[in-house]
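> Next input, structure requested:
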Amino acid sequence: MAANDAAAETDLSLGAEIARARRRRRTDFLRRLAAHRSFLIGAVILALFVLVAAFAPLLAPYGPTEINYRAILSPPTATNWFGTDGYGRDIASRVIWGTRVSLRIGLVVVVTTGILGTILGTAASYVDWLDGLIMRTLDGLMAFPGVLLAIALAAALGPSEINAIIALTVTFTPRTARIVRASVLVVQGMQYIEAAHAVGAGHARIIFRYILANALSPLIVQLTFVFAVSIIAEAILSFLGVGPPPPAPSLGNIIADGRSYIQEAWWIAVFPGLVIAIAVLGLNLMGDGLRDVIDPRQRAVGGH
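The predicted model follows:
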């Protein structure tokens with residue numbers, strides 16, 4: 001009985017020590033993130049964009065499709081902060097609502113790409129006979145330039161927000177799956193995975209408890225860049241007329257509307273272009289910060 005009590009106390013002590021070590025690692029990770037300047041700047045920029053998108057109905061001074069024929073091609077004023085377009089619509093209001101569309105599409109693409117990439121990358125690395133089938137299929141998709149593939153898929157499916165999401169998900173999933181596969185292959189060679197197999201742990205427990213929990217850090221970094229590229233790609237699709245269709249505003253179709261007035265009404269294209277550039281800059285700064293904190297060796301190689 002005493003031996004059993006001692007073993008139980010040892011197990012409890014070991015479990016408590018493991019829990020404390022996890023808390024220390026989590027606290028250290030958050031502390032390093034909070035001290036990283038690039039990450040903080042990017043996080044602030046992204047937070048501002050999220051607030052603008054979330055409170056678009058309150059922040060936009062006019063409706064995004066509200067027409068005022070008496071203010072056609074009006075330059076920026078106190079009434080129309082970013083001026084108006086060829087229909088007298090307020091550019092600031094359309095940019096605010098367009099930011100909501102771009103962030104929504106980018107977020108959904110990140111979620112779907114992360115889920116599909118994780119499933120395909122894990123399956124390819126964990127099941128030998130699936131590896132060749134999955135990776136050769138993904139290599140075939142990666143043979144096409146990403147933006148061209150997205151344009152072709154969106155054009156084939158038709159202009160809509162859902163179809164733009166599908167096209168971008170298909171475009172970015174292969175690269176995400178390759179990163180997950182490489183990370184899982186590294187983790188699979190660790191001794192604690194062999195120990196889990198030796199004690200009879202099931203495949204589901206090994207994959208979710210041990211492999212994915214320790215292999216997803218590169219995926220998180222990758223998804224911040226996918227978010228940034230998705231915003232740019234959605235703007236390209238909308239600019240070409242295969243994204244969310246007008247009159248609903250998106251940053252890309254606002255810029256497209258300004259093509260005809262670029263000399264006499266530069267503000268139509270410039271302000272949404274600046275919004276895209278700032279949003280992408282913020283996401284890239286966040287991605288760089290996450291990469292530096294998660295893997296300091298990358299910072300040394302990159303010269304940061």
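> By residue count, what's the longest helix in the chain?
Ordering each helix of the chain by length in residues (DSSP state H) puts helix 91-126 first.
> That helix - contacts with which helices or strands?
The contact analysis (3 or more CB pairs under 8 Å, 6 or more residues apart in numbering; DSSP states H and E) places helix 91-126 against helix 37-54, helix 56-59, helix 128-142, helix 161-188, helix 217-239, helix 251-257, helix 267-294. Bear in mind the C-beta positions are built from the backbone N, C-alpha and C, glycine included.
> shaky segments in the stretch 51-200 of the chain?
By pLDDT under 70, the low-scoring segments of the stretch 51-200 of the chain are 189-200.
> Could you chop this protein up by domain?
The chain breaks down by automatic domain parsing into domains covering 1-35, 43-302.
> now the ones you listed as a markdown table including mean neighbour count?
Listed next are these as a markdown table, based on neighbours: other CB atoms under 10 Å:
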| stretch | mean neighbour count |
| --- | --- |
| domain 1-35 | 10 |
| domain 43-302 | 18 |
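> still on that earlier bit, what's the distance between the longest helix of the chain and the middle of its chain?
5 Å (CA atoms, centre = their mean, to the nearest Å).
> go on, stretch 79-91?
30 Å.
> just stretch 240-256 next, same as before
For stretch 240-256, the distance to the chain centre is 21 Å (CA atoms, centre = their mean).
> Can you name the residues in contact with it?
By CB atoms under 8 Å, 6 or more residues apart in numbering, the residues outside stretch 240-256 that reach it are 64-65, 85, 91, 94-95, 97-99, 101-102, 105, 151, 154-155, 158-161, 163-164, 231, 234-239, 257, 268-269, 272-273, 275-276.
> Okay, now that stretch: how far is its last residue from its first?
8 Å (CA to CA, to the nearest Å).
> avg pLDDT for it?
The average pLDDT within stretch 240-256 is 87.
> Stretch 292-304 now?
For stretch 292-304, the per-residue pLDDT averages 56.
> circling back: need the helices and strands packed on helix 91-126 in a markdown table with distance to T118, can you?
What follows is those, written out as a markdown table (distance: least, CB to CB, whole Å):
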| stretch | distance to T118 |
| --- | --- |
| helix 37-54 | 22 |
| helix 56-59 | 31 |
| helix 128-142 | 13 |
| helix 161-188 | 5 |
| helix 217-239 | 7 |
| helix 251-257 | 29 |
| helix 267-294 | 17 |
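> Tell me which of the ones you listed sits nearest to T113.
helix 161-188 (4.8 Å; CB to CB).
> which helices and strands sit right next to that closest one?
By 3+ CB pairs under 8 Å, 6+ apart, helix 161-188 packs against helix 91-126, helix 128-142, helix 146-157, helix 212-215, helix 217-239.
> could you dump those helices to TSV with distance to T173?
Below are those laid out as TSV (distance: least, CB to CB, whole Å):
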stretch	distance to T173
helix 91-126	5
helix 128-142	8
helix 146-157	11
helix 212-215	17
helix 217-239	9
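> need the contact list for the residue positioned nearest the centre of the chain.
Centrality entry for the chain: nearest residue to the mean C-alpha point is F227, 2.6 Å, by CA atoms, centre = their mean. The contact partners of F227, by CB under 8 Å, 6+ apart, come to G106, L107, V109, V110, L283.
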